[in-house]
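# Prediction below, plus the sequence it came from.
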Amino acid sequence: MERAASMQVRPEETVAEFVGASKRYGEVLAADRIDLRIRRGEFLSFLGPSGCGKTTALRMLAGFESPTGGAVLIDGRDVGAIPAYRRPVNMVFQHYALFPHMTVAENVGYGLRQRRPRMARREIAEKVEKALATVRLDAFGPRRIWEMSGGQQQRVALARAIVNEPKILLLDEPMAALDAKLRGEMQRELLDLQRSLGITFVLVTHDQEEALAMSDRICIMGKGRIAQIGSPQELYDRPANRYVADFVGKANILSAQIASREGGLAQAVLGNGAAVTVADAPGAAATEAEIAVRPEALSLAAAGAPLPEGMTALPARVTHRTFLGDHTEYLLEAPRVGALQVNVPRQAERAAGGHGMGAEVHVLWPAGAGLVLAAG
Amino acid sequence: MAMTRSRARALLLTPAGLWYAAMLLMPLAVVLIFSFGERSQIGGYAPGFTLEQYANLPARFAAFRNTLTLAPLGTLASLLIAYPLAYYLAVKVSPKWKTMLLVLVIVPFWTSILIRSYAWIFLLGGKGIPALLAMAGLEDVRLLNTPFAVLVGIVYGYLPLMVFPIYVALEKLDKRLLEAAADLGTPPWRAFVQITLPLSMPGVLTGSMLVFILLMGEFLIPSILGGGKVFFVGNALVDLFLQSRNWPFGSAVAVGLVVVMLVVVGLYTRAAKRFGVGRDDAALM
């Protein structure tokens, strides 16, 4: 089920906000005028390659970095002057940063023991027990940190953060150190946890699958700036620019001449003279443009086979064929268009037959598949 | 594969084993045997079996008392001065200056401790610090040949030995732990007490042990800065072996020192363990 994920977050549903927030380290602008509202209770991801500013954004929220320009607000209040230890947020660190000289239970109860006025011992013990149960580590309280596996340590780090009932839970690449199988399991658990606790989760990751799988909204970052914010579906179906199209999923990106535009659609003429109908970019006017189309939106037909209605056929030659189980990945060379990737579902390939290396085929481009990318 | 793993290990440990046997166990045995003997007419050792030397130990009570007060005190003073310095070097100083400052810490080792201790005679003597104090109105302050002078010499001489283990412990401390502590609501000074201090305890214990054990056998600093008034067991030993040539009594005093040291170090280790130092630190003990 898709959860509502409109772009606009109203002030009253905002738990935290970046207002033109920048962070400069000497010559390097790590975060460049970030504007973003985080909705209370949502699962938001910062996604991008290393050095894109996603971690800086998270650390500004946590209070480990203070913005050199603009402001960061939590619950409507500028937290610029509030140190990390007085912010109502908690973080799950990339390498967990568990205290090695404390037991699991002591780690989990650490935040509660810092409360002033002091919290009653009994109450701390109860909350710790509950938090450990939440992450399914019931009997592990007396254990030492080094006795725990990587996955268990990650749960301890999670329990140590959620036991404080933060307004926002920050997750800094929490799955990076886990193996693939454990990662999938942990992703589902995190989602369940977020739904049952109702806490706002802000995740930083470079793993697009992780972001797509877990987020209500994804904020794609590049060079310190926000490249696009939207639901996973929006980002995948309507990437705003080449950077996003390239980063989220795979995309064929081609240069084209825009011949005409009407009703949100554009007629794009490719290098070989063939015209395809694609979704137009809002407000685009240039005649030279880049268009993007997902590999699974295209299909293949043997050269000479009858063309179905509403399709544009591009002659091409198969250069690579990779069988991947549920689908087959074809790399093709279309003269005067360029390299293309087409993913053919196993079902379709079984029905229509595959194409060998070097085979001359037609790449079929349905009307309305693909879109014009905004410049930049 | 002619050599098995255990044979290789035995071979590699042989030099150290021989060294310890020749340089530690044999002299220890000799000292033990001597301590039950008698002083010969011309000095040195004459065979015998008597507990007379041990019965005579209280004659050197002052030396033991001085050693057992000034060694722990010197260790403590070194620790209190070394910790902030090590902390500064490991945590605060920029990498640009770090190496240079670390070198500065060991620069004193380039000169003999003998010469450096002599320098303190002038600093603490009548024309040194007391003269400055006199100018400030504090007349007749005597520093040289006091326990204070010995303490100053000790801290001065042993500080680097304390700084380095603590520096290493602080250097490898994961700074993210402090971020985690802050994230969980701990102000910086409390994070120091709860995180930095306990995790640097291995360095503190190693440094203290190193300084303390060496101090127990110290004789140079008290003999130069204590002027024969503040003397350690080490001075008594030098005196007994080289001056009065009473080897059996000297051996008894030496055995007494070893026993005292074992007892103190044993108590210290137990206390350190009870202090709740974790697994990593047990390896150092």
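Here it is on my side, so go on. Numbers count the residues shown, from 1 in each chain, chains lettered A, B, ... in the order given.
# mind listing what's buried in stretch A:120-137?
Judged by neighbour count (16 or more other CB atoms under 10 Å in any protein chain shown), stretch A:120-137 contains these buried residues: A:124, A:127-129, A:131-132, A:134-135, A:137. The C-beta positions use only the backbone N, C-alpha and C, and glycine is treated the same way.
# Tabulate the CA atom coordinates of that stretch in CSV.
C-alpha atoms of stretch A:120-137 as CSV (Å, rounded to 0.1, in the frame of the first residue of the first chain):
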residue,chain,number,x,y,z
ALA,A,120,13.9,6.0,39.0
ARG,A,121,16.1,2.9,38.6
ARG,A,122,13.1,0.7,38.4
GLU,A,123,11.5,2.7,35.6
ILE,A,124,14.8,2.7,33.7
ALA,A,125,15.0,-1.1,34.0
GLU,A,126,11.4,-1.5,32.8
LYS,A,127,12.0,0.7,29.8
VAL,A,128,15.2,-1.0,28.9
GLU,A,129,13.6,-4.4,29.1
LYS,A,130,10.8,-3.2,26.9
ALA,A,131,13.2,-1.7,24.3
LEU,A,132,15.2,-4.9,24.3
ALA,A,133,12.0,-6.9,23.7
THR,A,134,11.1,-4.6,20.9
VAL,A,135,14.3,-5.4,19.0
ARG,A,136,14.0,-9.1,20.0
LEU,A,137,17.0,-9.2,22.3
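# contact partners of it?
A:104-105, A:108-109, A:112-113, A:138, A:140-141, A:152, A:155-156, A:158-160, A:162-163, A:189, A:193 (CB atoms under 8 Å, 6 or more residues apart in numbering or on different chains).
# of all of the stretch 201-350 of chain A, which residue lies closest to chain B?
For the stretch 201-350 of chain A, the residue closest to chain B is A:V202, as judged by CB to the nearest CB, at 13.4 Å.
# Restricted to helices, list the buried residues of stretch A:120-137.
A:124, A:127-129, A:131-132, A:134 (DSSP state H).
# Just give me the least confident of these.
Lowest in pLDDT among these is A:T134, which has 93.
# Give me the buried subset of the contacts of stretch A:120-137.
By 16+ other CB under 10 Å, these give A:104-105, A:108-109, A:112-113, A:140-141, A:152, A:155-156, A:158-160, A:162-163, A:189, A:193 as buried.
# any idea which residue sits dead centre in the chain?
Picking chain A for this. Geometric centre of chain A, nearest residue: A:A211, 3.2 Å, by CA atoms, centre = their mean.
# wrong one, chain B
Centre-nearest of chain B using CA atoms, centre = their mean is B:V211, 2.3 Å out.
# Let me know the secondary structure of that residue.
helix (DSSP: H, G, I helix; E, B strand; the rest coil).
# for chain B, what are the nearby residues on chain A?
Contact residues (CB under 8 Å from any CB of the partner chain) of chain A with chain B: A:62-64, A:83-86, A:89-91, A:93, A:95, A:97-101, A:110-111, A:114-115, A:144, A:146, A:160-161, A:164.
# Residue 256: how many residues sit nearby?
Here I'm looking at chain A. Residues within reach of A:A256, counting by other CB atoms under 10 Å in any protein chain shown, total 23.
# not quite, I wanted chain B
By other CB under 10 Å, neighbour count at B:G256 equals 19.
# How about it, nearest residue that isn't a chain neighbour?
B:L57 (5.6 Å; CB to CB, 6 or more residues apart in numbering or on different chains).
# With A:A84 instead?
A:G63 (3.3 Å).
# Touching, the one you found and A:P88? I think so.
No - checked against CB atoms under 8 Å, the pair A:G63 and A:P88 is beyond contact range at 10.5 Å.
# more crowded one of these two?
Comparing A:G63 with A:P88 by other CB under 10 Å, the one with more neighbours is A:G63, at 22 against 16.
# After the helix or strand where A:L364 lies, which helix or strand is next? Please name it.
Assigned by DSSP states H and E, A:L364 falls within strand A:360-366. Note on strand A:360-366: by DSSP H and E, the next helix or strand toward the C-terminus is strand A:371-373.
# and A:R242, backbone torsions?
Main-chain dihedrals, A:R242, degrees, to the nearest 10: phi -60, psi -40.
# for the buried residues of stretch A:120-137, which one is nearest B:E52?
Closest approach between the buried residues of stretch A:120-137 and B:E52, by CB to CB: A:I124, at 63.7 Å.
# can you confirm A:M221 is in a helix?
No - under three-state DSSP, A:M221 falls outside any helix and is assigned strand.
# Relative to chain B, how far out is the residue nearest to it when sequence neighbours are not counted?
In space, A:M221 comes closest to A:G48 once its chain neighbours are excluded; the distance is 3.7 Å by CB to CB, 6+ apart. Distance, A:G48 to chain B, by CB to the nearest CB, to the nearest Å: 21 Å.
# same question, A:E27
Distance from A:E27 to chain B, by CB to the nearest CB: 18 Å.
# can you tell me which residues contact that residue?
A:E27 neighbours (CB under 8 Å, 6+ apart): none.
# quick one, phi/psi of it?
According to degrees, to the nearest 10, A:E27 has phi -90, psi -20.
# try the one 5 residues further on
Listed backbone geometry of A:D32 is phi -120, psi 100, with angles given as degrees, to the nearest 10.
# Let me know whether A:L270 touches A:A316 as I believe.
No - between A:L270 and A:A316 there is no contact under CB under 8 Å: 11.6 Å.
# Now do the shared contacts for those two.
Contacts common to A:L270 and A:A316, judged by CB under 8 Å, 6+ apart, are A:V337.
# So the residue nearest to the centre of chain A lies in a helix, does it not?
Yes - the assignment for A:A211 is a helix, going by three-state DSSP.
# Would you agree it is in contact with A:P232?
Yes - counting by CB under 8 Å, A:A211 does reach A:P232; the two are 7.2 Å apart.
# Now do the helices in the stretch 151-285 of chain B.
B:175-183, B:188-191, B:197-199, B:201-216, B:220-225, B:233-238, B:247-274, B:279-282 (DSSP state H, counting those that start in this stretch).
# Of the ones you listed, which stretch is the most buried?
Stretch with highest mean neighbour count among those: helix B:220-225 (a mean of 24; mean count of other CB atoms under 10 Å in any protein chain shown).
# residues contacting A:S45?
So, once contact is read as CB under 8 Å, 6+ apart, A:S45 ends up touching A:202-205, A:210-211, A:214-215, A:217-219.
# That one in helix, strand or coil?
At A:S45 the chain is in strand, as set by three-state DSSP.
# hey, what's it bridged with?
Per DSSP bridges, residues listed as beta-bridge partners of A:S45: A:L203, A:I218.
# what comes into contact with the helix or strand containing A:L170?
A:L170 is part of strand A:168-172, with elements assigned from DSSP H and E. Residues from elsewhere that reach strand A:168-172 (CB under 8 Å, 6+ apart): A:15-16, A:38, A:55, A:58, A:61-62, A:74, A:88-94, A:161-162, A:190, A:194, A:199-204.
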